[in-house]
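Undergrad: A predicted structure for the sequence below; I have some questions about it.
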Amino acid sequence: MTRSSLRTEEVVSMTVTGQGTNTRRDTDTGTDADVDTDAARAIGGLADERASVRLRAALAIGSAPDPRYVGLLVERCATEPEFFVRDMLTWALNRHPVALTLPALLHELRSERPQARSQALHTLSKIGDPRAWPAITRALLTDPYDEVARSAWRAAVVLVPEGEEPALATVLATQLGRGGHETQLSLSRALVALGEPMVAALLPARTAADPAVRAHALATEKLLRDPDTGFAFAIEEAKRVVALGGSGQEGH
């Protein structure tokens, strides 16, 4: 196992036992100097070149939430290269009050850095605060960077207010046919999560000039009607239907 692939469960165990950490056990002093030392240690840990150290630092911060760390966590999300560390950063942010994290995350949605936007959207989907919904703009839902768009789709279906599902489905349907397998799967899952409101939104795509768009629309509707169908099977079946000149409307 490489240091960058250290499992979260192992980190939790190491932290609880004190292994691999510099966490103080003497809580009687409680001096400002001790607190400042902890903050400096956390800052240094998140910037360490070793992914395992960054992972433990994020865990330590989340285990002892402190308002001073919110900006640091959000900033690190924008640059952290390792998935498991980013996931721990999101967990640590979720451990802090929403009143502190929400403004910082909403600000990140306007960042020029794609990862900053993507991670902020991912964290907002985990927080689930409906006040974030107005920030899920069409620009984010159609972001040219696939990871940003995928995160926006996931956040949108979590945050969408009741009654707004048809409008969201209409926007999402404009992205049908986009990207590779993982991107198309993410979009289909988001549309299926919206339920019946997405069916009408798929109608224009089913007769689109682009065969990839038509196939993706057919596969997505197949997933809605038959949730046990795998996406790989659904998309390949839809491509065959489109290649044979079918619309997928037979039998409807």
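TA: All right, it came through fine.

Undergrad: What residues of the one helix or strand Ile61 maps to count as buried?
TA: Per DSSP states H and E, Ile61 falls inside helix 51-63. Buried residues in helix 51-63, counted by 16 or more other CB atoms under 10 Å: Ala51, Ser52, Val53, Arg54, Leu55, Arg56, Ala57, Ala58, Leu59, Ala60, Ile61, Gly62. For every residue, glycine as well, the C-beta is placed using N, CA and C.

Undergrad: so how far is that helix off the chain centroid?
TA: Remark: helix 51-63 is offset 20 Å from the chain centroid, using CA atoms, centre = their mean, to the nearest Å.

Undergrad: wait, doesn't Thr229 sit right on Lys222?
TA: Yes: contact criterion CB atoms under 8 Å: Thr229 and Lys222 qualify, at 5.8 Å.

Undergrad: before we move on, the earlier item: out of the buried residues of helix 51-63, who's nearest Val213?
TA: Ala51 (39.2 Å; CB to CB).

Undergrad: ok, that closest one to Gln119 distance?
TA: When distance is defined by CB to CB, to the nearest Å, Ala51 is 16 Å away from Gln119.

Undergrad: now do Ala234
TA: Distance from Ala234 to Gln119, counting by CB to CB: 30 Å.

Undergrad: out of the two, which sits in the busier spot?
TA: The residue with more neighbours, out of Ala234 and Gln119, is Gln119; 28 against 22, by other CB atoms under 10 Å.

Undergrad: quick one, what contacts that one?
TA: Cys77, Ala78, Glu80, Arg86, Leu89, Thr90, Glu108, Ser151 (CB atoms under 8 Å, 6 or more residues apart in numbering).
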